[in-house]
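Asker: starting from these lines, generate the structure:
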Amino acid sequence: MICFLYMIRCKDGSLYTGITNDFRKRWKKHKNGTGSRTVKIRGYLAPVFLCSFINKSAAMCAEIHVKKQKRWHKEQMIDSSMNLIKDFDTSDI
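Answerer: Residues are numbered from 1 along each chain as shown. Predicted coordinates:
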């Protein structure tokens, strides 16, 4: 089953990183305050990064790796061609 790694830019400028198998559903949860405690406390601005993986295990490995990275590296990921968020319509969610 395809799984997604995503990043959300919070109102305080921080980047929240998570995984899900249904990004639309997960983003709706973040928006209504039930997605994660961190995003609920810090507030959300927008999803800024989305990348797909062939399974949950691969996405979890990537999530662990990304969470260990410095901010400048995460910003490079956001600006990279592997970022699928530009192709994902978030206007209806």
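Asker: three-state assignment of residue 6?
Answerer: Recorded secondary structure, residue 6: strand (DSSP: H, G, I helix; E, B strand; the rest coil).
Asker: got the buried residues for the longest strand anywhere in the chain?
Answerer: Scanning the chain for the strand with the most residues, using DSSP state E, yields strand 44-53. Across strand 44-53, burial judged by 16 or more other Cβ atoms under 10 Å covers 44, 47, 48, 49, 50, 51, 53. In this view, the C-beta of every residue, glycine as well, is placed from N, C-alpha and C.
Asker: including distance to residue 70 and pLDDT, could the residues you listed go into TSV?
Answerer: TSV is the format used below for the buried residues of strand 44-53 (distance: Cβ to Cβ, whole Å; pLDDT from 0 to 100):
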residue	distance to residue 70	pLDDT
44	22	91
47	21	94
48	16	95
49	15	96
50	20	96
51	18	96
53	22	97
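Asker: just curious, which of these is nearest to residue 23?
Answerer: Ranked by distance to residue 23 (Cβ to Cβ), the buried residues of strand 44-53 are led by residue 50 at 6.3 Å.
Asker: ok, now which ones touch that closest one?
Answerer: Neighbour list for residue 50: 4, 5, 6, 23, 83, 84, 85, 88 [criterion: Cβ atoms under 8 Å, 6 or more residues apart in numbering].
Asker: likewise residue 54?
Answerer: 2, 3.
Asker: ok, it to residue 21 distance?
Answerer: Separation of residue 54 from residue 21 (Cβ to Cβ, to the nearest Å): 12 Å.
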